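**Q** here's a sequence, model it:
(chains A and B)
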Amino acid sequence: MSIRDRLSGNEAVANAMRQINPDVVAAFPITPSTEVPQYFSTFVNNGAVDTEFVPVESEHSAMSACIGASSAGGRVMTATSANGLSLMWEMLYIASSLRLPIVMACVNRAVSGPLNIHNDHSDSMGARDSGWIQLYSETNQEAYDNFIMATRIAEHKDVQLPVMVCYDGFITSHSIENIELLEDDKVKEFVGAHRPEHYLLNREEPIAVGPLDVQPYLFEHKYQQASGMRNARKVIQEVSEEFEKLTGRKYEFIEKYQMDDAEVAIVVLNSTAGTAKYVVDTLRKQGVKAGVVKPRTFRPFPGEEIAEALKNVKAVAVLDKADGLNGVGGPLFTDVTSAMMVNGVLDTKVVNYIYGIGGRDVKADDIEKVYRDLQEIVSSGKVGNAYRYLGLKGGRD
Amino acid sequence: MAYNLKEAIQKPNRMTAGHRMCAGCGAPVVVNAVLRGLKEEDHAVIGAATGCLEVSTFTYPYTAWRDSFIHTAFECAGATVAGAEAAYKAMKRKGTLPEDEHTKFIAFGGDGGTYDIGLQSLSGAMERGHDMVYVCYDNGAYMNTGIQRSSATPRFADTTTSPAGKVIPGKQQKRKDLTEVIANHHIPYVAQTAAIGNFSDITTKAEKAIYTEGPAFMNILAPCPRGWGYETEDLMLINKLAVETCYWPLYEVIDGRYVVNYKPKNKLPVSEFLKPQRRFKHLFAPGNEWMLEELQKEVDERWQRLLDLEAMTNQ
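**A** Okay, here's the model as predicted:
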């Protein structure tokens, strides 16, 4: 029997870490992820786990220590947010290129500057091409479940890549929700033992990690790394199916909400998907055929699934909680539109909204406005400006 | 165990020949002298900061390292090796590794990766008490990128970012005393050494550092023929002059107690150390005697301070 509890997102993830009982957790505090290492160090000091907790002096060292520990053969985890993730930058790429299955809780927060501690996705979106698998989580339950599945996905021999489990700072990290935890032994059994093929601490087979890798080799090594990300699709599916058998909770690449006959739809990540589903319920009662597409994986990008979900939609709004700062739109928007184009979905009108930057509240009314705008696009047949802002004070739409 | 050169050199080099370090470079001499401090039966996880040593000893698909080796980036050899040590502790505790397993953890970094960009990572690793040794091979500039000044570069030295110009004659700032910085972390063992004579000083200290429980730090002079401008065959002479002039004193700090290992009976003027090096050539031009005087004063003051610390901590 699973355990019903009420936990914040951070507490849930720290509990997942406790149940997994990794070899090393190296972390540096940063709001709003700080609670994860806090809770975890309590588990360590109370003997609930036998993990080595490394309270490093910076996030750069957190990721460096994770890389050292993972290369050594340990199962390794960390947590961070915003500028902490930025400081890890260099090491994120090194972790993925060394094919290390490190699992990170990325508690989404706006990256400076100016300084802001609240939620948006500029941190993980900035790291989207660092070679890490990214799983996004709407609720505390999803953050917990994704974290447990992440361990299996990361360590799979066909993948061997680090995984970032993203969830919204404060909104998810600090809000207490009902949650179903698995029993400790079930988590232990599900994740299994970590058995790396090659590792520094195997004295029978000393290895060298992190060479100077010049023109004749680097290209092929990056290709192999990209193959790991491509292989991750199959592995994510298998692990999610196994998890469903264990828990009854189904996870796919994308979640489709009321999409079967949807004419207008929103594509959105993380907690705002909850608000969008609520608005869809309201609109459906009024006869509006509205739906939501919530990508769970952003890396690997579920392009085919998103294109398939949107092919019969008349107009879609892609909501980005990070501005692209590129003159054309946010990162989710550019990837979604590319996927539509590549997969031949050319008749669906598409518009982008930048929203919720720096923790700006996004209310049901805001989401409803987006659906109304989509209805207007459908009736007029014109998109107009596709790069829009939602809830911006004194700005244009 | 008393040091014996004949026995020490019987041990196979743990960093093999065939690497690409320059002839006359101090770093590979330092590395092998340090690794001779390991018991032959013990496995080691060796880390290196990005730098000459790393790029010359581990160019894919070749490695010169017989032990397990890891390089990640420039500024984080301390944290990287600390992470491996943390995994070792946990894996032994959990029984993933046998209880009688003996693996030692050693990080190498040049002065760029240690005094400067990697100082924070080193400081953190030492303060947290990881059972590891961090070895700085100090060649007094960023040699891998082409001889740019570092905080380890001596005053007045000519480097490519502190050139001896017509107006500004080389580096204007004094050299950071990293050995002292780390000694003030109050860790069990800190040593400053150089590869001189029969290598007794360097290898004995390495053995102490490796087999002292907890963090240890070694700062080792590693002359660079290209950056310093000496003849490659003069490597050992340069090391000797650095010690005989007290430019680079040999000493240890054992649980806070200073031990000066060598006090020259006839302390040579620092100019003897500077003269064979191209980077100090301008100091010997007429009218520049004041630079030699100032450097001598700096060396004398530091040497006296070290003797004072020894006296004070052995009362």
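**Q** tell me who's in contact with A:Tyr136.
**A** A:Cys166, A:Tyr167, A:Leu269, A:Asn270, A:Lys294, A:Pro295, A:Arg296, A:Thr297, A:Phe298 (CB atoms under 8 Å, 6 or more residues apart in numbering or on different chains). Yep, even glycine has a C-beta here, placed from its N, CA and C like the rest.
**Q** ok, 7 Å please
**A** A:Cys166, A:Leu269, A:Asn270, A:Pro295, A:Arg296, A:Phe298 (CB atoms under 7 Å, 6 or more residues apart in numbering or on different chains).
**Q** which of these fall in helices?
**A** Secondary structure from DSSP state H places none of the contacts of A:Tyr136 in helices.
**Q** with pLDDT added, can I get the residues you listed in JSON lines?
**A** Converted to JSON lines, the contacts of A:Tyr136 look like this (pLDDT from 0 to 100):
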{"residue": "A:Cys166", "pLDDT": "99"}
{"residue": "A:Leu269", "pLDDT": "98"}
{"residue": "A:Asn270", "pLDDT": "98"}
{"residue": "A:Pro295", "pLDDT": "98"}
{"residue": "A:Arg296", "pLDDT": "98"}
{"residue": "A:Phe298", "pLDDT": "98"}
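**Q** looking at the residues you listed, which is nearest B:Leu292?
**A** Distance to B:Leu292 across these (CB to CB) is lowest for A:Cys166, with 60.7 Å.
**Q** distance check, the closest one against A:Gly47.
**A** According to CB to CB, to the nearest Å, A:Cys166 stands 31 Å off from A:Gly47.
**Q** what about the two, which has more around it?
**A** Taking other CB atoms under 10 Å in any protein chain shown, A:Cys166 and A:Gly47 do not tie; A:Cys166 has more neighbours (25 against 7).
**Q** residues contacting the more buried one?
**A** For A:Cys166, the contact set (CB under 7 Å, 6+ apart) comprises A:Cys106, A:Asn108, A:Ser124, A:Gln134, A:Leu135, A:Tyr136, A:Ser137, A:Asn270.
**Q** what do you get for A:Arg4?
**A** So A:Arg4 contacts A:Asn178, A:Glu180 (CB under 7 Å, 6+ apart).
**Q** residue contacts, A:Ala208?
**A** Contacts here follow CB under 7 Å, 6+ apart; on that basis A:Ala208 touches B:Phe58, B:Thr63, B:Trp65, B:Phe69.
**Q** looking at the chain, which helix is longest?
**A** I'll assume chain A. Scanning chain A for the longest helix, with DSSP H as the assignment, gives helix A:218-247.
**Q** wrong one, chain B
**A** helix B:289-313.
**Q** not counting sequence-adjacent ones, nearest residue to the closest residue to chain B within chain A?
**A** Nearest residue of chain A to chain B (CB to the nearest CB) works out as A:Gly68 at 2.8 Å. Nearest residue to A:Gly68 in three dimensions, chain neighbours excluded: B:Gly83, at 2.8 Å (CB to CB, 6 or more residues apart in numbering or on different chains).
**Q** helix or strand for that neighbour, which one?
**A** In the assignment (DSSP states H and E), B:Gly83 maps to helix B:77-94.
**Q** quick revisit: by contact count, what packs against the helix or strand following the longest helix of chain A?
**A** Downstream of helix A:218-247, the first helix or strand assigned by DSSP H and E is strand A:254-257. The criterion is 3 or more CB pairs under 7 Å, 6 or more residues apart in numbering or on different chains; DSSP states H and E, and the helices and strands that strand A:254-257 contacts are strand A:290-295, helix A:303-310.
**Q** in TSV: these, plus mean neighbour count and distance to B:Arg279.
**A** Shown next, in TSV, are these (neighbours: other CB atoms under 10 Å in any protein chain shown; distance: least, CB to CB, whole Å):
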stretch	mean neighbour count	distance to B:Arg279
strand A:290-295	26	58
helix A:303-310	20	57
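**Q** as TSV, these with distance to chain B would be great.
**A** Formatted as TSV, those follow (distance: least, CB to the nearest CB, whole Å):
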stretch	distance to chain B
strand A:290-295	31
helix A:303-310	32
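**Q** between these, which one is nearest to B:Lys267?
**A** Closest to B:Lys267 of the helices and strands packed on strand A:254-257, according to CB to CB: strand A:290-295, at 71.3 Å.
**Q** now the closest one, how far from the centre of its chain.
**A** Centre-to-centre, strand A:290-295 and its host chain are 16 Å apart (CA atoms, centre = their mean, to the nearest Å).
**Q** re the thing from before, from the contact counts, what lies against the helix or strand following the helix holding B:Gly83?
**A** Downstream of helix B:77-94, the first helix or strand assigned by DSSP H and E is strand B:103-110. With contacts defined as 3+ CB pairs under 7 Å, 6+ apart, strand B:103-110 has these neighbours: strand B:43-48, helix B:52-57, helix B:77-94, strand B:133-138.
**Q** now those as TSV including mean pLDDT and mean neighbour count?
**A** Formatted as TSV, these follow (pLDDT from 0 to 100; neighbours: other CB atoms under 10 Å in any protein chain shown):
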stretch	mean pLDDT	mean neighbour count
strand B:43-48	98	27
helix B:52-57	98	24
helix B:77-94	98	29
strand B:133-138	98	29
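**Q** right, so of the ones you listed, which gets closest to A:Glu142?
**A** helix B:77-94 (28.6 Å).
**Q** which strands or helices does the closest one pack on?
**A** strand A:24-26, strand A:52-54, helix A:59-72, strand B:43-48, strand B:103-110, helix B:119-127.
**Q** could I get the CA-only coordinates of it as CSV?
**A** Extracted in CSV, the C-alpha atoms of helix B:77-94 (Å, rounded to 0.1, in the frame of the first residue of the first chain):
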residue,chain,number,x,y,z
ALA,B,77,40.4,19.7,-9.4
GLY,B,78,39.9,20.1,-5.6
ALA,B,79,36.1,19.5,-5.8
THR,B,80,36.3,16.8,-8.4
VAL,B,81,38.7,14.7,-6.4
ALA,B,82,36.8,15.5,-3.2
GLY,B,83,33.7,14.0,-4.9
ALA,B,84,35.5,10.8,-5.8
GLU,B,85,36.7,10.5,-2.2
ALA,B,86,33.2,11.0,-1.0
ALA,B,87,31.9,8.2,-3.2
TYR,B,88,34.8,6.0,-1.9
LYS,B,89,33.7,6.6,1.7
ALA,B,90,30.0,5.9,0.9
MET,B,91,30.7,2.8,-1.2
LYS,B,92,32.9,1.3,1.5
ARG,B,93,30.3,2.1,4.1
LYS,B,94,27.7,0.4,2.0
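**Q** coming back round to it: and chain A, which of the contacts of A:Ala208 reach it?
**A** Counting by CB under 7 Å from any CB of the partner chain, the subset of the contacts of A:Ala208 that neighbours chain A consists of B:Phe58, B:Thr63, B:Trp65, B:Phe69.
**Q** ranking those residues by neighbours, who comes first?
**A** Result: B:Phe69 is most packed of the ones next to chain A among the contacts of A:Ala208 (other CB under 10 Å), 26 neighbours.
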